[in-house]
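Engineer: Give me the fold of what follows.
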Amino acid sequence: MPTTFDADSFTMTVLHAGDQLDHYRIEALTSRSGMASIFRATDLNNGRPVAIKIPHPEVECDPALFERFRREEEIGKLMDHPGVMKVFSDDDRSQVYMVMEWVEGRLLRKILGEQPKLPPERAIRIALRILNALDYIHSHGVVHRDLKPENVMVDEHDNIKLIDFGIAGNAGARRLTFAKFSPTMGTPDYISPEQVKGQRGDARSDLYALGVMLYEMLSGKVPFSGANPFLIMNDRLLNSPVPPREVDPTITPQLQEIIYRALERNPKNRYASARDFARDLEHPEQVGVTDRPEFRNWKDRRTPWAKKALFYALIALIPIVILGLLLYVARHS
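Structural biologist: Residues are numbered from 1 along each chain as shown. Sure, this is the predicted structure:
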């Protein structure tokens, strides 16, 4: 059952449809994630439909998670673009919650759940609209860092809204440097190679994630796989994906080349900007097709086990080396 949390009194309050929270009337619970419950509500001051996001009690008690919630609100208030969910300012609140514009539509994840492979023209149309929104946020110094189908709303006309800026941040914010994998680092299927390596990533990391999403929209599956998140991330560092045209020969060589440019492991070889990515999608006839080694070596699958074996072998040698040093010192003392 959905609840709210009073940070001052540490009391739990159940919300029902028809209840009033400050000047908002609760209409229905629409979703519940690991961090928050989201309600559809009506602003009684102006009759405007809104979405209210209320963090779970454990989020308010966890400084890192609560900072993520606050960051999403902070960035949402600064953004003003039709492709980015707007967060409204409202300081007169009786408890912690976020007020966002109400968006009609469905998550891209739900669409892909019903139709795993989209027609190329629709996949390109959605990708272009995501790129338009990314161009806007990147030009304002913001990187999403968790772009995935679960964070893209799509309406009946394929207009999109980027949502959930919980791990996004300004390009110069040192607090967003992540030294190891954690939920605040991104989602394994879509995270960029540089983020896997512990780097903070930049706008090109979002373009990599969109390359994964475009691959998925066209082929019906993500390009990298594994039995657990770490194997998925290692797969993108060690192996090449199945070429999209191997999955669906109707995908043009130019569109396949665009996907590969977005999925370059080295961000320096990737699209430099959302605008460059969009230009190629809009003018595929101008895209030169490269004879890539990935077309030939994708069947050669490497695993991280060899590196792990070497690591453990070196660990095992440490006591032997220490013992040898001790014997040497004992003999020469």
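Engineer: care to break this structure down by domain?
Structural biologist: What automatic domain parsing lists as the domains of the chain is 3-101, 106-302, 306-333.
Engineer: next one: the first one to chain centre, how far?
Structural biologist: Using C-alpha atoms, centre = their mean, to the nearest Å, we find the averaged C-alpha position of domain 3-101 to lie 21 Å away from the chain's own average C-alpha position.
Engineer: lowest-confidence helix or strand of this structure?
Structural biologist: For the chain, counting by mean pLDDT, DSSP states H and E, strand 3-6 ranks last in confidence among helices and strands (a mean of 45).
Engineer: one step back: so which of the domains of the chain is the most packed in?
Structural biologist: Neighbour counts (mean count of other C-beta atoms under 10 Å) averaged over each of the domains of the chain peak at domain 106-302, with a mean of 18. (Each C-beta comes from the backbone N, C-alpha and C, glycine too.)
Engineer: Okay, now stretch 259-274: how far is its last residue from its first?
Structural biologist: By C-alpha to C-alpha, to the nearest Å, the extent of stretch 259-274 from end to end equals 13 Å.
Engineer: can you check stretch 114-125 too?
Structural biologist: Stretch 114-125 end-to-end distance (C-alpha to C-alpha) = 18 Å.
Engineer: Repeat that for stretch 76-83.
Structural biologist: End-to-end span of stretch 76-83 (C-alpha to C-alpha): 12 Å.
Engineer: again, but for stretch 286-301
Structural biologist: End-to-end distance for stretch 286-301: 33 Å, by C-alpha to C-alpha.
Engineer: Got the confidence number for residue 314?
Structural biologist: pLDDT recorded at residue 314 is 53.
Engineer: pretty sure residue 213 is touching residue 148, no?
Structural biologist: Yes - counting by C-beta atoms under 8 Å, residue 213 does reach residue 148; the two are 7.0 Å apart.
Engineer: intersection of neighbour lists for those two?
Structural biologist: Listed as contacting both residue 213 and residue 148 by C-beta atoms under 8 Å, 6 or more residues apart in numbering are residue 190.
Engineer: All the helices of this structure, residue numbers only.
Structural biologist: For the chain, the helices defined by DSSP state H occupy 57-61, 63-78, 108-114, 120-139, 193-196, 203-219, 229-238, 244-247, 253-262, 274-282, 294-297, 305-331.
Engineer: I'd like the ones you listed laid out as CSV, including distance to residue 42.
Structural biologist: Formatted as CSV, the helices of the chain follow (distance: least, C-beta to C-beta, whole Å):
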stretch, distance to residue 42
helix 57-61, 25
helix 63-78, 20
helix 108-114, 24
helix 120-139, 27
helix 193-196, 39
helix 203-219, 33
helix 229-238, 40
helix 244-247, 45
helix 253-262, 41
helix 274-282, 35
helix 294-297, 52
helix 305-331, 56
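Engineer: Residue 96 is nearest to which of the ones you listed?
Structural biologist: Minimum separation from residue 96 across those (C-beta to C-beta) falls at helix 57-61, 6.3 Å.
Engineer: What mean pLDDT does that closest one get?
Structural biologist: Computed over helix 57-61, the average pLDDT equals 84.
Engineer: by contact count, what packs against it?
Structural biologist: On a contact count with 3 or more C-beta pairs under 8 Å, 6 or more residues apart in numbering; DSSP states H and E, helix 57-61 meets strand 3-6, helix 63-78.
Engineer: okay, the angle between the last one and helix 120-139?
Structural biologist: Translated: helix 63-78. Angle, helix 63-78 to helix 120-139, by axes from the mean of the first three to the mean of the last three C-alpha atoms, to 10 degrees: 100 degrees.
Engineer: what does helix 63-78 rub up against?
Structural biologist: With C-beta under 8 Å, 6+ apart as the test, helix 63-78 has contacts from 35-36, 55, 58-60, 84-89, 96, 98, 100, 140, 142, 164-169, 184.
Engineer: can you do 7 Å?
Structural biologist: Outside helix 63-78, the residues that touch it by C-beta atoms under 7 Å, 6 or more residues apart in numbering are 35, 55, 59-60, 85-87, 89, 98, 100, 140, 142, 164-169, 184.
Engineer: swap in stretch 154-163?
Structural biologist: With contacts defined as C-beta under 7 Å, 6+ apart, stretch 154-163 is touched by 83-85, 103-106, 108, 111, 122, 125-126, 129-130, 133, 144, 151-153.
Engineer: Can you give me the end-to-end span of that stretch?
Structural biologist: End-to-end span of stretch 154-163 (C-alpha to C-alpha): 11 Å.
Engineer: how far does it sit from the chain's center?
Structural biologist: For stretch 154-163, the distance to the chain centre is 17 Å (C-alpha atoms, centre = their mean).
Engineer: Kindly report the same for stretch 152-161.
Structural biologist: Remark: stretch 152-161 is offset 17 Å from the chain centroid, using C-alpha atoms, centre = their mean.
Engineer: measure it end to end?
Structural biologist: Distance across stretch 152-161, first residue to last, is 6 Å (C-alpha to C-alpha).
Engineer: what about the stretch 201-333 of the chain, any weak spots by pLDDT?
Structural biologist: The stretch 201-333 of the chain contains residues with pLDDT under 70 at 303-317, 323, 328-330, 332-333.
Engineer: Kindly recompute the last result at 50.
Structural biologist: Applying pLDDT under 50 to the stretch 201-333 of the chain flags residues 306, 309-312.
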